[in-house]
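Colleague: here's my sequence, what's the structure:
(2 chains)
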2 protein chains.
Amino acid sequence: MTPLERLRRRIATLGAPLCLGIDPHPNTLPEGLPHDASGLESFARGLLEAAAPSAAAVKVNVAFFEAFGSAGLAALERVRADVPPDQVLILDAKRGDIRTTAERYAAALFGHLDADGVTLSPFLGDDAIEPFAAFADRIIYVLARTSNPSAGTLQHLGLADGGTLADHVVGWVSARWPRPEVGLVVGATDAQELVSLRAGHPDPAFLVPGVGAQDGDLGAAVRSCHGTRAPGLVNVSRGIAGASRGLDWREAAARAAEEWRAGMAAAGATLPA
Amino acid sequence: MTPLERLRRRIATLGAPLCLGIDPHPNTLPEGLPHDASGLESFARGLLEAAAPSAAAVKVNVAFFEAFGSAGLAALERVRADVPPDQVLILDAKRGDIRTTAERYAAALFGHLDADGVTLSPFLGDDAIEPFAAFADRIIYVLARTSNPSAGTLQHLGLADGGTLADHVVGWVSARWPRPEVGLVVGATDAQELVSLRAGHPDPAFLVPGVGAQDGDLGAAVRSCHGTRAPGLVNVSRGIAGASRGLDWREAAARAAEEWRAGMAAAGATLPA
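Modeller: Next up is the predicted model:
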């Protein structure tokens, strides 16, 4: 099965587009875990075992492993090898570089680490994306409207031809790669903007961060995942991984993931597939 | 000495703003080097010894090491440890992420790898840059106008308030961090645009890629490095690292670096410091 076939199957089985985000900061690891690469590894493995069964995909942020250099990357390699074969692994890397360099990042993320999907930055244009799109069955989400407070610095700039830069990125990516494997990152922190971008561009899949700790609109996020070329995903990181910092962190993460899954299933119950 | 003091001293001593780019693709390594992380390491060390003495700074592209996973990153760590203390090391990483993640990338690049400078992507706005700017004495170059063929996909978009996105990024970064340590990446592949961005924004330092293999305008590149808050840099990668793929690659790179240095010194001889 291709990554997209696995993703479709998991979403159908779980009834919800929950994506489990793993972004482990060494200073916020649960009690008993060392504040180093081995602590990150134990935490990520624990979340994969306890919480990932409720999630249609797992999104691991590579920065938190890179912070520990080669030891961190070796931990990420072991975590990757432990992801169950029916799961979907997205590496959140937000890379964007000239073609020859983008080819090496694709070799790192799709080759060496064998990710099912990645996040990419659009600033360098087509040839920053193409080396990843050349891996035809892998999933790509290009940043369009991120969930951080200063997302608007550039993304809200108005263009001479109308619309914002974020809107332009969604339109460009959707038209340039009209395939179910290529989607966009659009945050839920501004529900009105999410709804507007969805309405203006009904086809591409969205990966939606910003619910949970960032307080985005869950209903709008779930609705944005339906009726598209491929099913979208709604990411929850701290809302699951940070459910408890005590010794019960595995059980707490499992419970939180199941609650998020059920909440998303309820929010999407009346929607078309 | 701070990284910027070292950079100023090297440029004054060498009389030229040459930045040596190290972007080693395994398939284009010189004869006799294995096509793996150890080959990259030998090549990078050889360039550091042979060619870097003619360069004011060395820019290493992390993608080429990441392609080999933890083994590649371990090679980069050893290469970094061998950079002479009077040299200036820029890690070309083009990172751009939300604040909590950007902090971990800063920990990776400025902390763990102890880079003197980095390249960053602007797409996520202020809070993607701030965790790096918090390392007050380190050097940052934010992408504004890159040297790749599809740079214009987004960077040439016209804004409702006038000017292009690239122009807006230069203005925003220069006003937001009006310090000599914060500059921009502006390619030399379109000389007219480089001259225009320089004229519109006389203060921030530019890191200028695109001369050499990418055929940018050397005179315009060198002129753009003068009269700014901090001295700019003109990067040459393949023009030095690719000077020979035979067994004489070290000598060829040394000769090419010295020729580029002399050419830049001549082009800048009549300019104010």
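
Colleague: longest helix of chain A?
Modeller: Across chain A, the helix with the greatest residue count (assigned by DSSP state H) is helix A:249-268.

Colleague: starting at the chain centroid, how far to that one?
Modeller: 17 Å (Cα atoms, centre = their mean, to the nearest Å).

Colleague: do stretch A:198-206 as well
Modeller: For stretch A:198-206, the distance to the chain centre is 17 Å (Cα atoms, centre = their mean).

Colleague: put the alpha carbons of it into PDB.
Modeller: C-alpha atoms of stretch A:198-206 as PDB (Å, rounded to 0.1, in the frame of the first residue of the first chain):
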ATOM      1  CA  ARG A 198     -10.900  26.100   2.100                       C
ATOM      2  CA  ALA A 199     -13.800  27.800   0.300                       C
ATOM      3  CA  GLY A 200     -11.500  29.400  -2.200                       C
ATOM      4  CA  HIS A 201      -9.500  26.200  -2.900                       C
ATOM      5  CA  PRO A 202     -11.800  23.200  -2.400                       C
ATOM      6  CA  ASP A 203      -9.400  20.500  -3.800                       C
ATOM      7  CA  PRO A 204      -6.100  20.200  -2.000                       C
ATOM      8  CA  ALA A 205      -5.700  18.300   1.300                       C
ATOM      9  CA  PHE A 206      -4.900  20.500   4.400                       C
END
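
Colleague: residue ranges of the strands in the stretch 1-150 of chain A, please?
Modeller: A:18-22, A:57-61, A:89-95, A:117-120, A:139-145 (DSSP state E, counting those that start in this stretch).

Colleague: other SSEs contacting the fourth one?
Modeller: Counting contacts by 3 or more Cβ pairs under 8 Å, 6 or more residues apart in numbering or on different chains; DSSP states H and E, strand A:117-120 is packed against strand A:89-95, helix A:126-133, strand A:139-145. Where C-beta positions appear, they are placed from N, C-alpha and C, glycine not excepted.

Colleague: tell me which of these sits nearest to residue B:156.
Modeller: helix A:126-133 (12.5 Å; Cβ to Cβ).

Colleague: ok, residues contacting that closest one?
Modeller: A:95-99, A:102-103, A:105-106, A:109-110, A:118, A:120-122, A:138, A:140, A:142, A:173, A:176-177, A:181-182, B:148-150, B:153 (Cβ atoms under 8 Å, 6 or more residues apart in numbering or on different chains).

Colleague: picking up where we left off before, the longest helix of chain A - contacts with which helices or strands?
Modeller: Packed next to helix A:249-268, using 3+ Cβ pairs under 8 Å, 6+ apart, are strand A:18-22, helix A:37-50, helix A:218-223, strand A:233-236, helix A:238-241.

Colleague: in TSV: the helices and strands packed on strand A:117-120, plus distance to residue B:88, mean pLDDT and mean neighbour count.
Modeller: Shown next, in TSV, are the helices and strands packed on strand A:117-120 (distance: least, Cβ to Cβ, whole Å; pLDDT from 0 to 100; neighbours: other Cβ atoms under 10 Å in any protein chain shown):
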stretch	distance to residue B:88	mean pLDDT	mean neighbour count
strand A:89-95	24	98	26
helix A:126-133	26	98	22
strand A:139-145	30	98	28
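
Colleague: turn those into a markdown table, including distance to residue B:83.
Modeller: Converted to a markdown table, the helices and strands packed on strand A:117-120 look like this (distance: least, Cβ to Cβ, whole Å):
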| stretch | distance to residue B:83 |
| --- | --- |
| strand A:89-95 | 24 |
| helix A:126-133 | 28 |
| strand A:139-145 | 32 |
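
Colleague: closest to residue B:41 out of these?
Modeller: Here strand A:89-95 is closest among those (Cβ to Cβ), at 22.3 Å.

Colleague: the closest one pairs with which strands, parallel or anti?
Modeller: Sheet pairing here is set by DSSP bridges, and for strand A:89-95 it gives strand A:57-61 (parallel), strand A:117-120 (parallel).

Colleague: what's the angle from the first one to strand A:18-22?
Modeller: For strand A:57-61 against strand A:18-22, the angle between stretch directions is 30 degrees (axes from the mean of the first three to the mean of the last three Cα atoms, to 10 degrees).

Colleague: count the residues that sit near residue A:227.
Modeller: Residue A:227: 14 surrounding residues under other Cβ atoms under 10 Å in any protein chain shown.

Colleague: if you could redo that for residue A:257, that was the one I meant.
Modeller: Residue A:257: 24 surrounding residues under other Cβ under 10 Å.

Colleague: ok, it touching residue A:241?
Modeller: No. Assessed by Cβ atoms under 8 Å, residue A:257 is found out of contact with residue A:241, at 9.4 Å.

Colleague: what residues are shared contacts of these two?
Modeller: Counting by Cβ under 8 Å, 6+ apart, the contacts common to residue A:257 and residue A:241 are A:20, A:51.

Colleague: pick the most deeply packed of the strands paired with strand A:89-95.
Modeller: strand A:117-120 (a mean of 27; mean count of other Cβ atoms under 10 Å in any protein chain shown).

Colleague: which residues are in contact with that one?
Modeller: Where contact means Cβ under 8 Å, 6+ apart, the residues beyond strand A:117-120 that reach it are A:3, A:57, A:59, A:88-96, A:109-110, A:128-129, A:132, A:138-143, A:185, A:207.

Colleague: neighbours of residue A:134, just the number please.
Modeller: Neighbours of residue A:134 (other Cβ under 10 Å): 12.

Colleague: up against chain B, what does the stretch 101-250 of chain A have?
Modeller: A:101-102, A:104-105, A:107-108, A:111-113, A:121-128, A:143, A:146-155, A:157-161, A:165, A:168-169, A:172 (Cβ under 8 Å from any Cβ of the partner chain).

Colleague: can you tell me the helix or strand for residue A:184?
Modeller: strand A:182-186 (DSSP states H and E).

Colleague: rounded mean pLDDT for that strand, please.
Modeller: What strand A:182-186 shows for mean pLDDT is 98.

Colleague: pull the CA atoms of that strand into PDB?
Modeller: What follows is strand A:182-186, C-alpha atoms only, in PDB (Å, rounded to 0.1, in the frame of the first residue of the first chain):
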ATOM      1  CA  VAL A 182       0.400  17.200  -2.500                       C
ATOM      2  CA  GLY A 183      -1.400  19.400   0.100                       C
ATOM      3  CA  LEU A 184      -0.900  22.500   2.200                       C
ATOM      4  CA  VAL A 185      -0.300  23.400   5.900                       C
ATOM      5  CA  VAL A 186      -3.100  25.800   7.000                       C
END
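
Colleague: how about low-confidence regions in chain A?
Modeller: A:272-273 (pLDDT under 70).

Colleague: most remote residue from the middle of it, which is it?
Modeller: Distance from the centre of chain A peaks at residue A:160, with 31.0 Å (Cα atoms, centre = their mean).

Colleague: now render the helices and strands packed on helix A:249-268 as TSV, adding mean neighbour count.
Modeller: What follows is these, written out as TSV (neighbours: other Cβ atoms under 10 Å in any protein chain shown):
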stretch	mean neighbour count
strand A:18-22	26
helix A:37-50	20
helix A:218-223	22
strand A:233-236	30
helix A:238-241	24
